[in-house]
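Enquirer: Take this sequence and fold it.
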Amino acid sequence: MKLKTAIQWSVAGILLGIIAAGLVRSREVRVLWLRVTKHCPSCDLRDVQLAGVDLQQANLQAADLRGANLSEANLSGANLSGTVFTNGNLSLTNLTNADLRTADLVNADLRGVSLMDANLQDADLRSAQVMFADLQGANLSGAKVQHANWHGTTGVPRTSTN
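Expert: Residues are numbered from 1 along each chain as shown. Down below sits the predicted model:
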C-alpha cells in the first residue's frame, strides 16, 4: 500500500512539473511573439524582463504586466489601455503618445518616464513614483493620483478642468 501511494505521489509530482514547465515555456513564447509582432493583447506577462525593448506602436491592450520590468523600453504610441502594471518598473520608459486609458499603475515605478501627449484618462496612479517625468500634454482626466510622488515632474498635463 505504501509503495502504491509513493508511486502515485511521484507520478503526480512529475505531471505537476511538466505542467509548470509548459506554463513557463508558454510565457517565453508569448514574450518572443511580442518582440516579433508587437501584438499581445490580454497576454499574461507577469514579472517578465523586457528592459530596453523596442515596442513602439505595440498592442498590449488589457495585458497583465504586474511586476514586469520595462525600464528604458520604447512604448511610444503603444496601446496599453486597460493594462495592469501594478508594481511594475517603467522607469526611463518612452510612453510618448501611448494610450494608457484605465491602466492600473498602482505602485508602479515611473521615474524619469516620458508621458508627453499620453492618454492616462481614468488610469489608476495611486502610490506611483512619477518623479522627474515629462507630462507635457498628458491627459490625466479622471485619473486616480492619491499618494503618487510627482516630485520634479515637468510639463502641464491636461485634465478635465484645464
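Enquirer: Let me see the contact set for residue 135.
Expert: Applying Cβ atoms under 8 Å, 6 or more residues apart in numbering, we find residue 135 in contact with 115, 116, 153, 154, 155, 156, 157. (C-beta placed from N, C-alpha, C; glycine too.)
Enquirer: 6 Å - rerun?
Expert: For residue 135, the contacting residues are 115, 153, 155, 157, by Cβ atoms under 6 Å, 6 or more residues apart in numbering.
Enquirer: is it true that the third one touches residue 133?
Expert: Pointing back at residue 155 there. No - assessed by Cβ atoms under 6 Å, residue 155 is found out of contact with residue 133, at 8.2 Å.
Enquirer: and the two? which has more neighbours close in?
Expert: With neighbours defined as other Cβ atoms under 10 Å, residue 155 and residue 133 compare such that residue 133 has more, 29 against 14.
Enquirer: quick one: the more buried one from residue 89, how far?
Expert: Separation of residue 133 from residue 89 (Cβ to Cβ, to the nearest Å): 14 Å.
Enquirer: Strands of the protein, residue ranges please.
Expert: Applying DSSP state E to the chain gives no strands.
Enquirer: Name the spans of it whose pLDDT lies under the cut-off.
Expert: Residues of the chain meeting the criterion pLDDT under 70: 1, 11-25, 159-162.
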